[in-house]
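**Q** The following comprises the amino acid sequence and a computationally predicted model.
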Amino acid sequence: MNGLPESLDPPGEVDHLAQYAGRWVALLGERVIGQGGTPDQALRAAKATRPKETPRIVYVPISKPIASSSLIEQVAEAIPDHIPLHLVGGAVRDALLGRSMHDLDFVLPGDVLKYARMVANQIGAAYFPLDQERETARLILPGHADSGRALDFAAYRGPDLESDLRGRDFTVNAMALDLRQNMALFDPLGGAADLHARRLRACSPTSITDDPLRILRAIRLAAAYNFHILPQTLALLRAGVSALPAVSSERLRDELFKILSGPQPHTCFRALDLLGVFPHILPELTALKGVDQSPPHVYDVWEHTLGVMQQLDNVLQALQISYNEESAANLIMGSLVMNLGRFRQQIDQHFQSELTKDRSLRGLLFLAALYHDIGKPQTWAVDDANRIRFFQHDQVGESLLIERARSLRLSNVEIDRVGTIVRHHLRPILLSQGSDPVSRRAIYRFFKATGPAGVDICLLSLADVLATYGPSLSLEHWTRHLQVVRTLLQAWWEAAQESVSPPAILDGNELMEYLNLQPGPVVGQLLEAIRENQAVGKIDAKEQALSLAKNLLNEIEGRLDQG
């Protein structure tokens, strides 16, 4: 059909076109006279050399067909055939890379809310209109294999599909698959070529000023996909950092957590620092640079912080369920696996738990790692022996992190978790300084103060030790710290009723009746003393508990009389 787009069989059956796989070509007979990422580009290229000819415009499929899914097919079937429908954005990028597609973005010319509701009714999804004026809607799939997947529907941002794609962030995200024409690729900006070459290129000179949050997204994509950011795009990123304060706290938070939860967060934050991002979004981090530390520290506080994030990533990789022997190829990491590899399943389950559906526990732990020493600049001091000290930097750091977490609109339960991690991040390190085994009392008090965050603190402490000593870390010191962490994790996961949360022997009512007490803080103090002595192994019966409570009450009353 002259001048109108068609689709050929896979290039294996049309060998002379194999080099154009994934492109639109203009044909005169069997001869290619133009090619491009869209039908119009192919036609314009042909007319530039053969203006009087009317070529046939065809799409040459990729030799390995782009993966579709029954879900995408159901979406296409639910919307009338005459309505143009394209899959766009990250799903297309991942499909071209052979990666699985999770959340799906679709664009249509208009009437998006109506058609999105039709799809929701057809596939049994929950329907949420996000912006009626801009015609955007989201579907959430509950209760089956696709549970939790999001399907977003939006109208073109501009008069047509090409305008919509040109207004996006980076070329690798500015491709579309035509669901009406056998998943033909629509690629006006050469995103497929950039993807193949691992290049990250802005769609236009205004891509970053249009949305400064794309600065963070560029760094995240570069780390996740091993992209090289082109110099022109890098210049746009640098020029746009001053506009970051205009981004809402919620959007900033979400992009930061994608970085914290993704691969190589330490590399991402080093890149953000080089771009000059922190004064505009996380200004307290700039104070870490150049803050010296005494031995055994081998780096200043900022380099130490990045080192902790890198080592935390290494530790979690070595302890993940899908164990890769290369992640423990040296003696230090090998001993980590030997001591803590038994907890792989429990660690995985720990990170699968959710404080909120919007953010992962892994991301929260890396946020705590980023801020674990944030209190050091304010507490820097030199003692009489000329050693640098940071007294109470953990407490100061907790306050600073809580302030930042609130500004990022984290939930209260998330704020409590990261605050607890920073407040108590030194405890396993302090416990490992002695030569004696960790006592049951120390175990109980550690988890009494930290709860589930104690697991995060143990893992963070491993990274902290590795980043503190660097290559000077002795196997003896490392083994001692591993033994402490193993003892704590074993108590949490394998002996909780003995050392962490022993079952109650008696309740407050029984205690008040026996001691003739009124409700008040003394009752709580006595119950807590009973639980701790259970954990230590000193009592295991109600009579012992009552006797202990009576003796403690006499001591309390004696102190009050003396006062």
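**A** Received, thanks.
**Q** Only C-alpha atoms from now on, for both contacts and neighbour counts.
**A** OK.
**Q** Show the subsequent helix or strand relative to the helix or strand of the chain with the lowest mean pLDDT.
**A** Using mean pLDDT, DSSP states H and E, strand 5-7 stands out as the lowest-scoring helix or strand of the chain, at a mean of 58. Per DSSP states H and E, the first helix or strand lying C-terminal to strand 5-7 is strand 24-28.
**Q** Give the pairing partners of that next one; include direction for each.
**A** Paired neighbours of strand 24-28 in the sheet (DSSP bridges): strand 31-36 (antiparallel), strand 56-59 (antiparallel).
**Q** could those go into CSV alongside distance to Asp348, mean pLDDT and mean neighbour count?
**A** Converted to CSV, the strands paired with strand 24-28 look like this (distance: least, Cα to Cα, whole Å; pLDDT from 0 to 100; neighbours: other Cα atoms under 10 Å):
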stretch, distance to Asp348, mean pLDDT, mean neighbour count
strand 31-36, 46, 92, 20
strand 56-59, 45, 91, 26
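**Q** Any chance of the ones you listed in TSV with distance to Leu236 as columns?
**A** Listed next are the strands paired with strand 24-28 as TSV, based on distance: least, Cα to Cα, whole Å:
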stretch	distance to Leu236
strand 31-36	26
strand 56-59	34
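**Q** Nearest to Pro263, out of those strands?
**A** strand 31-36 (33.9 Å; Cα to Cα).
**Q** how far is the closest one from where the chain is centred?
**A** Its chain's average C-alpha position is 44 Å from that of strand 31-36, according to Cα atoms, centre = their mean, to the nearest Å.
**Q** Same question for stretch 257-271.
**A** Worked out by Cα atoms, centre = their mean, stretch 257-271 lies 8 Å from the chain centre.
**Q** got a list of what the spatially closest residue to Arg134 that is not a sequence neighbour touches?
**A** Sequence neighbours aside, Ala155 is the residue nearest to Arg134 in space, at 7.2 Å (criterion: Cα to Cα, 6 or more residues apart in numbering). With contact taken as Cα atoms under 8 Å, 6 or more residues apart in numbering, Ala155 is in contact with 107-112, 134-136.
**Q** can you do 6 Å?
**A** 107-110, 135 (Cα atoms under 6 Å, 6 or more residues apart in numbering).
**Q** Out of those, flag the one nearest to His196.
**A** Nearest to His196 among the contacts of Ala155 is Val107, at 24.4 Å by Cα to Cα.
**Q** And the strands in the stretch 351-500 of the chain?
**A** Ranges of strands in the stretch 351-500 of the chain, per DSSP state E, counting those that start in this stretch, are 380-382, 388-390.
**Q** Distance to Gly191 and mean neighbour count added to the ones you listed, as a markdown table?
**A** Below are the strands of the stretch 351-500 of the chain laid out as a markdown table (distance: least, Cα to Cα, whole Å; neighbours: other Cα atoms under 10 Å):
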| stretch | distance to Gly191 | mean neighbour count |
| --- | --- | --- |
| strand 380-382 | 49 | 13 |
| strand 388-390 | 50 | 16 |
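**Q** can you redo those strands as JSON lines with distance to Lys52 and mean pLDDT?
**A** Output for the strands of the stretch 351-500 of the chain, formatted as JSON lines (distance: least, Cα to Cα, whole Å; pLDDT from 0 to 100):
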{"stretch": "strand 380-382", "distance to Lys52": "78", "mean pLDDT": "96"}
{"stretch": "strand 388-390", "distance to Lys52": "79", "mean pLDDT": "96"}
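**Q** any idea which of the contacts of Ala155 has the most stuff around it?
**A** In terms of neighbour count, Val107 stands highest of the contacts of Ala155 at 22 neighbours, by other Cα atoms under 10 Å.
**Q** Would you agree it falls within a helix?
**A** No - in this structure, Val107 is strand, not part of a helix, as judged by DSSP: H, G, I helix; E, B strand; the rest coil.
**Q** Find the nearest non-adjacent residue to it, please.
**A** Val107 sits nearest to Ala154 (Cα to Cα, 6+ apart), 4.9 Å away.
**Q** mean confidence score for the helix or strand containing the one you found?
**A** Ala154 is part of strand 149-155, with elements assigned from DSSP H and E. Across strand 149-155, pLDDT averages out at 92.
**Q** Same question for stretch 94-104.
**A** 87.
**Q** what about it, start to end distance?
**A** Stretch 94-104 has an end-to-end distance of 11 Å (criterion: Cα to Cα, to the nearest Å).
**Q** ditto for stretch 104-118
**A** Start-to-end span of stretch 104-118 (Cα to Cα) is 16 Å.
**Q** before we move on, what about stretch 66-74?
**A** Stretch 66-74: ends 17 Å apart by Cα to Cα.
**Q** Which helix or which strand is home to Ala549?
**A** Short version, using DSSP H and E: Ala549 is in helix 542-562.
**Q** how about that helix: buried residues?
**A** 545-546, 548-550, 552-553 (16 or more other Cα atoms under 10 Å).
**Q** before we move on, the earlier item: quick check, nearest of the contacts of Ala155 to Glu325?
**A** For those, the closest approach to Glu325 (Cα to Cα) belongs to Val107, at 43.7 Å.
**Q** picking up where we left off before, possible to save the contacts of Ala155 as a markdown table with distance to Asp273 and pLDDT?
**A** Shown next, in a markdown table, are the contacts of Ala155 (distance: Cα to Cα, whole Å; pLDDT from 0 to 100):
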| residue | distance to Asp273 | pLDDT |
| --- | --- | --- |
| Val107 | 35 | 97 |
| Leu108 | 39 | 96 |
| Pro109 | 41 | 95 |
| Gly110 | 41 | 87 |
| Glu135 | 37 | 91 |
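**Q** all strands of the stretch 151-300 of the chain, in order?
**A** Ranges of strands in the stretch 151-300 of the chain, per DSSP E, counting those that start in this stretch, are 176-178, 184-186, 199-200, 228-229.
**Q** so which of these is the most packed in?
**A** Greatest average neighbour count among the strands of the stretch 151-300 of the chain goes to strand 184-186 (a mean of 27), per mean count of other Cα atoms under 10 Å.
**Q** ok, residues contacting it?
**A** 37-38, 175-178.
**Q** go on, stretch 133-146?
**A** Counting by Cα under 6 Å, 6+ apart, 112, 125-130, 147-155 sit against stretch 133-146.
**Q** try it again with 7 Å
**A** With contact meaning Cα atoms under 7 Å, 6 or more residues apart in numbering, stretch 133-146 is reached by 112-113, 116, 120, 125-131, 147-155.
**Q** So what's the gap between it and the chain middle?
**A** Worked out by Cα atoms, centre = their mean, stretch 133-146 lies 22 Å from the chain centre.
**Q** Can you identify each of the helices in the stretch 401-550 of the chain by residue range?
**A** Along the stretch 401-550 of the chain, counting by DSSP state H, counting those that start in this stretch, helices occupy 412-423, 427-431, 440-450, 453-469, 475-494, 508-515, 521-536, 542-562.
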